[in-house]
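In: Provided below are the primary sequence and the corresponding predicted coordinates.
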Amino acid sequence: MGYRSQKIKQYAHNHARVLSVATAHGEFMTPAFMPVGTYAVVNSMTPQDLHATGSQIILGGNTYHMLSQPGMKVVEALGGMHQMMQWFGPMLTDSGGYQVFSLSQNKKLCKIDEEGAHFSHPHTGQRLHLTPKISIEAQKVIGADIIMAFDQCTPDVEDEVLVRQIMERTHRWLRLSKEIHDHHPLSAYGHHQALFGIIQGSCFKHLREESARFVASLDLDGIAIGGESIGYNMPQTIETIDWIRDILPDDKVRYTMGVGLSPQDLLDVIAAGIDIFDCVAPTRNARHGSLYHGHIIKEGQWLKFASEFSNHRLSIGKSIHACDNSPILEGCTCSTCQQYSRGYLHHLFKQKAIAYNALACIHNVHVMHETCRAARELIIT
């Protein structure tokens with residue numbers, strides 16, 4: 001089965017919509033949050049946990065990290081990422097472009113040229129040259145259903161000359177990525193893969209528009225919005241989407257990279273017309289004792305994640321929870337809230353028990369999926 005996206009419903013009161021997306025490993029409905037498995041595992045969660053929480057699609061591996069460890073020979077010998085992880089649903093992987101941004105801040109770790117990026121692994125010292133060709137070929141070995149063109153994530157800076165330079169380099173790398181993918185659109189295991197391009201341009205409206213027009217012109221399977229500000233600075237994220245939304249094809253999946261610090265962030269980008277998003281925050285917050293707490297309510301014609309906590313999170317490590325027999329969140333249907341008390345989770349957290357991480361991650365990821373489900377139901381009804 002090939003890749004296909006189809007618009008099911010446009011919401012009448014804002015830009016939210018529902019799409020049906022078919023991939024070689026099954027279908028999913030948007031809006032959809034993707035839990036992140038940077039190293040071929042979503043931290044502290046099994047595939048069974050992911051299914052139980054409502055995960056439809058995951059971000060199943062970071063190309064830079066998987067090239068570094070265990071390497072593509074191992075990934076291919078183990079049958080690709082789906083087989084390695086025993087996750088047989090839809091999967092997206094990234095290109096390594098974020099590491100071009102994050103590690104290049106230390107010139108000893110990453111140097112960028114027009115061909116790509118030269119990395120020295122921060123822990124092992126391993127040398128790695130990542131280019132559009134190497135990134136796309138690696139993602140074919142990884143075997144994800146949706147792969148990303150190699151890009152350079154843009155920092156939030158006021159240097160327009162630098163931002164344009166990064167944007168134009170990203171565009172050149174996108175052309176190369178597409179040429180390589182078009183020549184062989186299948187994974188190493190014979191499955192069709194969809195290719196998404198990434199819009200850059202930082203906080204400059206005219207550059208974002210220019211980048212959106214370029215990416216949209218290439219007739220890709222989907223379009224992502226990247227850059228340091230996306231997900232990190234939510235007001236800027238929404239403004240950026242508003243700048244370029246009318247340029248984007250109506251029938252293609254729209255993906256904001258790195259959005260998902262809180263359930264409200266998902267509702268905000270969904271209302272702005274975004275379909276999929278990923279973030280490490282739900283599982284990372286869970287492991288550090290921050291558990292999502294709130295309920296989705298209708299406010300006007302849209303939804304709000306209403307919480308008694310300003311950051312929408314309960315801190316399970318606080319002593320007030322030690323003797324509390326109530327669940328993390330009353331009414332939550334996740335298996336953790338159905339079976340365990342705040343008091344027990346507080347105990348596990350204080351003991352640094354491995355079991356705590358799994359139970360906490362299940363709750364946080366479930367809340368993110370329930371947020372998407374509530375949005376889908378409102379849009380469709």
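Out: Received it, and whenever you're ready, just let me know what you need.
In: low-confidence regions, the stretch 201-350 of the chain specifically.
Out: Residues of the stretch 201-350 of the chain meeting the criterion pLDDT under 70: none.
In: need the strands for it, in chain order.
Out: Using DSSP state E, counting those that start in this stretch, the strands assigned to the stretch 201-350 of the chain run over residues 222-225, 253-256, 276-278, 290-292, 295-299, 302-306, 313-315.
In: pull the distance from the first one to the chain's centre.
Out: For strand 222-225, the distance from its own C-alpha centre to the chain's C-alpha centre is 12 Å (C-alpha atoms, centre = their mean, to the nearest Å).
In: check the last one too.
Out: Once both centres are worked out by C-alpha atoms, centre = their mean, strand 313-315 turns out to sit 23 Å from its chain's centre.
In: again with the fourth one
Out: Taking the mean C-alpha point of strand 290-292 and that of its whole chain, the gap between them comes to 19 Å (C-alpha atoms, centre = their mean).
In: list the buried residues in that strand.
Out: By neighbour count with 16 or more other C-beta atoms under 10 Å, strand 290-292 contains the buried residues 290-292. For glycine as for every other residue, the C-beta is placed from the backbone atoms N, C-alpha and C.
In: Glu228: what's it in contact with?
Out: 101, 153-156, 202 (C-beta atoms under 8 Å, 6 or more residues apart in numbering).
In: ugh, wrong one, Phe150
Out: So Phe150 contacts 95-97, 116, 130-132, 135-136, 173-174, 176-177 (C-beta under 8 Å, 6+ apart).
In: then Trp243?
Out: 205, 208-209, 212.
In: sorry, back to before: which one of the contacts of Glu228 has the most neighbours?
Out: The residue in those with the most neighbours, by other C-beta atoms under 10 Å, is Thr154 (30 neighbours).
In: and the pLDDT at Gly61?
Out: Note for Gly61: predicted pLDDT of 86.
In: in three-state terms, label it for me.
Out: For Gly61, the assignment made with DSSP: H, G, I helix; E, B strand; the rest coil gives strand.
In: if I look at it, how far off is Val75?
Out: Distance, Gly61 to Val75, by C-beta to C-beta, to the nearest Å: 8 Å.
In: just Leu345 next, same as before
Out: Leu345 is 35 Å from Val75, by C-beta to C-beta.
In: doesn't Glu27 fall inside a strand?
Out: Yes. Assessed by three-state DSSP, Glu27 belongs to a strand.
In: who does the residue sitting nearest the centre point of the chain form a beta bridge with?
Out: Nearest to the mean C-alpha position of the chain, counting by C-alpha atoms, centre = their mean, stands Asp278 at 2.0 Å. As for beta bridges, Asp278 partners with Met34 under DSSP bridges.
In: residues in contact with it?
Out: Taking C-beta under 8 Å, 6+ apart as the test, what Asp278 contacts is 33-36, 59, 92, 257-260.
In: let's go with 6 Å and repeat that
Out: Listed by C-beta atoms under 6 Å, 6 or more residues apart in numbering, the contact partners of Asp278 are 34, 36, 59.
In: tally of neighbours for the last one?
Out: This points to Leu59. Leu59 has 25 neighbours, counted by other C-beta under 10 Å.
In: list the contacts for it?
Out: When contacts are counted by C-beta under 6 Å, 6+ apart, Leu59 touches 34, 36, 92, 278.
In: now rank the residues you listed by neighbours and give me the top one.
Out: Ranked by neighbour count (other C-beta under 10 Å), the contacts of Leu59 have Leu92 at the top, with 26 neighbours.
In: thinking that one is in contact with Met148, fair?
Out: No. Applying C-beta atoms under 6 Å as the test, Leu92 and Met148 come out as separate, 7.5 Å apart.
In: now, which of the contacts of Asp278 sits nearest Ala272?
Out: Met34 (17.7 Å; C-beta to C-beta).
In: any idea how far apart the tips of stretch 296-306 sit?
Out: From its first residue to its last, stretch 296-306 covers 6 Å (C-alpha to C-alpha, to the nearest Å).
In: go through the chain and flag its longest helix.
Out: Longest helix of the chain, by residue count under DSSP state H: helix 354-380.
In: roughly how far is that one from the heart of the chain?
Out: Counting by C-alpha atoms, centre = their mean, helix 354-380 comes out at 14 Å from the chain centroid.
In: now the angle from that helix to strand 302-306?
Out: Computed by axes from the mean of the first three to the mean of the last three C-alpha atoms, to 10 degrees, the angle separating helix 354-380 from strand 302-306 equals 160 degrees.
In: mind listing what's buried in helix 354-380?
Out: Neighbour count says helix 354-380 has 356-376, 378-379 buried, by 16+ other C-beta under 10 Å.
In: packing partners of that helix?
Out: If contacts are counted by 3 or more C-beta pairs under 6 Å, 6 or more residues apart in numbering; DSSP states H and E, helix 354-380 sits against strand 17-23, strand 32-34, helix 47-53, helix 263-271, helix 281-287, strand 290-292, helix 335-339, helix 342-350.
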